[in-house]
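J.: What shape does this take:
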Amino acid sequence: MFPGSTVGGPEFVKSVLAPSPWTRIMPTGGVDCTEESLVKWFGAGVVCVGMGSNLITKSALEAKDYKGIEKKVRDTVELIAKIRKK
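T.: Predicted structure coming up:
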């Protein structure tokens, strides 16, 4: 689902899944790396999320901060795993 935030966000996901719970939805665009954002999306029922520039920022790429990018990706994946266990 793209762009996730413009299409209707987590509320749209809930609206789609209510009558058709067999549907698998992966939003991209508007998914942030924050716990607040990820809890909303996964709480709405998404199966996974896509993140681009919110996860790997232009400034981190320009600075060639590959260790920082690696840490942010690792932390985000761990956060998602924690949220999905709830």
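J.: so where's the longest helix in the protein?
T.: helix 66-85 (DSSP state H).
J.: That helix packs against which elements?
T.: Secondary-structure packing of helix 66-85 (3 or more CB pairs under 8 Å, 6 or more residues apart in numbering; DSSP states H and E): helix 35-44, helix 58-62. (C-beta placed from N, C-alpha, C; glycine too.)
J.: how about the helix or strand of the chain with the lowest mean pLDDT: buried residues?
T.: Least confident element among the helices and strands of the chain, by mean pLDDT, DSSP states H and E: helix 4-7 (a mean of 92). The neighbour-count check on helix 4-7 (16 or more other CB atoms under 10 Å) flags G4, S5 as buried.
J.: what does stretch 73-84 give?
T.: Of all the residues in stretch 73-84, those buried under the rule 16+ other CB under 10 Å are T76, I80.
J.: which residues sit against that stretch?
T.: C33, E35, L38, V39, F42, V49, M51, L55, I56 (CB atoms under 8 Å, 6 or more residues apart in numbering).
J.: picking that back up, tell me which of the helices and strands packed on helix 66-85 sits most buried.
T.: With neighbours defined as mean count of other CB atoms under 10 Å, the helices and strands packed on helix 66-85 peak in mean count at helix 35-44, which reaches a mean of 16.
J.: what is the orientation angle of that one with helix 66-85?
T.: Interaxial angle of helix 35-44 relative to helix 66-85 (axes from the mean of the first three to the mean of the last three CA atoms, to 10 degrees): 40 degrees.
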